[in-house]
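**Student:** coords below, sequence missing:
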């Protein structure tokens, strides 16, 4: 089975694409933490938790239903027209919710309300989810090379910019970092928008909404609970302990996030595969394939998690400096939680 997967050209592009995303995020966090310092990086980490919350809703209402429903569509272009409208409605509501949530958070922290920071944050929120939408559009149509290109534009370019800033000893504010995020995501959006294909139809939005709601009404509570299982406690910690504590936690999460390279690639590949197996063959075929993938994935993750646990302090020292080695025990806890 492994040989069959490795010989699949499209799946290999999917792995490369996810490696670009996860690898770039991994390097960006290290570089940004060094540029901003722990306090501003902690503020960035807190604000990013709000983006991740919106992302959990985005996956539940737009992305996961789309990945499952595409193989069943008779009029695919009309379907993508409906999803497009649903995407923009979601973004509009997300901006409103995020604005008041961040405003409320700053008030609790007794911080001066910086509207420039909030606006730059909202621009990143919009472009992050729009770029991700186009990326998932390419993935669900098995156009893995296009997904790779959009991520290469958005993520690799950002690394180049931040590396230049780091080695030039330039200072950046949090707002300027958000602006760089906004620009690089926007360039990826431009590429995706040029290749997005849809066909307007009178009832496409209503039909799409009803199809998505049948799945998302179960996925939304699951997504909220998944986000809350860890992130809600981190937000609470930021209110009690301040953003510096969140920055430390985020740096540790960044290392453990290396496990997501395989997990997210599988997440992008398997829903469509499962749906196709169920539609064309039978539930038994789907279940057999699911068991094989689960066993292989569990073995691989266990080995990697053991490595991170054994060398946690050494990894923190290597990436962030000796002062962080004392937080190795936190990484051990995160590895334990991540496996579950």
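**Tutor:** Thanks, I have the structure now. Since the structure is predicted, the reported quantities are computational estimates derived from the model, not experimental observations. Numbering: from 1, shown residues only.

**Student:** what are the phi and psi values at residue 230?
**Tutor:** Dihedral angles of residue 230 (phi, psi; degrees, to the nearest 10) stand at phi -120, psi -50.

**Student:** Three-state assignment for the residue lying closest to it once chain neighbours are set aside, please.
**Tutor:** Leaving aside its sequence neighbours, residue 230 sits nearest to residue 337 (C-beta to C-beta, 6 or more residues apart in numbering; 6.9 Å). Placement of C-beta: from N, CA and C, glycine included. Classification of residue 337 by DSSP: H, G, I helix; E, B strand; the rest coil places it in helix.

**Student:** number of nearby residues for residue 337?
**Tutor:** 11 (other C-beta atoms under 10 Å).

**Student:** ok, now residue 110?
**Tutor:** Neighbour tally, residue 110, other C-beta under 10 Å: 6.

**Student:** kindly report the same for residue 115.
**Tutor:** Neighbour count for residue 115, taken as other C-beta under 10 Å: 9.

**Student:** and it, how far from residue 99?
**Tutor:** Using C-beta to C-beta, to the nearest Å, we find residue 115 at a distance of 10 Å from residue 99.

**Student:** quick check: which ranges of the stretch 151-300 of the chain have low pLDDT?
**Tutor:** Residue ranges of the stretch 151-300 of the chain with pLDDT under 70: 202, 258-262, 264-265.

**Student:** pull out the buried positions in stretch 314-329.
**Tutor:** If you call a residue buried by 16 or more other C-beta atoms under 10 Å, then stretch 314-329 has these buried ones: 315-317, 320, 324, 327-328.

**Student:** oh, I was asking about stretch 231-247
**Tutor:** 231, 234, 237-238, 243-247.

**Student:** residue contacts, residue 172?
**Tutor:** Residues near residue 172 by C-beta atoms under 8 Å, 6 or more residues apart in numbering: 35-36, 165.

**Student:** so which of the residues you listed are in helices?
**Tutor:** 35-36, 165 (DSSP state H).

**Student:** and these, which is closest to residue 109?
**Tutor:** Minimum distance to residue 109 across the ones in helices among the contacts of residue 172 is 17.6 Å, recorded for residue 36 (C-beta to C-beta).

**Student:** please name every helix or strand in contact with the lengthiest helix in the chain.
**Tutor:** As assigned by DSSP H, the longest helix anywhere in the chain is helix 76-108. In terms of contacts (3 or more C-beta pairs under 8 Å, 6 or more residues apart in numbering; DSSP states H and E), helix 76-108 is packed against helix 38-58, helix 115-140, helix 204-228, helix 231-241.

**Student:** list the buried residues for it?
**Tutor:** 78-87, 90-91, 94, 98-99, 102, 105.

**Student:** what would the helices and strands packed on helix 76-108 look like in JSON lines with distance to residue 158?
**Tutor:** Formatted as JSON lines, the helices and strands packed on helix 76-108 follow (distance: least, C-beta to C-beta, whole Å):
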{"stretch": "helix 38-58", "distance to residue 158": "14"}
{"stretch": "helix 115-140", "distance to residue 158": "12"}
{"stretch": "helix 204-228", "distance to residue 158": "24"}
{"stretch": "helix 231-241", "distance to residue 158": "23"}
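
**Student:** which one, of those helices, ends up nearest to residue 270?
**Tutor:** Residue 270 lies closest to helix 115-140 among the helices and strands packed on helix 76-108, at 11.2 Å (C-beta to C-beta).

**Student:** quick one: that closest one to chain centroid distance?
**Tutor:** Its chain's C-alpha centre and that of helix 115-140 lie 11 Å apart, by C-alpha atoms, centre = their mean, to the nearest Å.

**Student:** stretch 15-35 now?
**Tutor:** Counting by C-alpha atoms, centre = their mean, stretch 15-35 comes out at 12 Å from the chain centroid.

**Student:** can you mark which positions in that stretch are buried?
**Tutor:** For stretch 15-35, the buried set under the neighbour-count rule, 16+ other C-beta under 10 Å, comprises 15-22, 24-33, 35.

**Student:** filter those residues down to the ones in helices?
**Tutor:** Within those, residues falling in helices by DSSP H are 15-22, 24-33, 35.

**Student:** who's in contact with residue 28?
**Tutor:** 155, 158-159, 162.

**Student:** if you rank those residues by neighbours, which is first?
**Tutor:** Most neighbours among the contacts of residue 28, by other C-beta under 10 Å: residue 158, with 24 neighbours.

**Student:** doesn't residue 180 make contact with that residue?
**Tutor:** Yes. The pair residue 158 / residue 180 is scored as a contact, 6.4 Å apart, by C-beta atoms under 8 Å.
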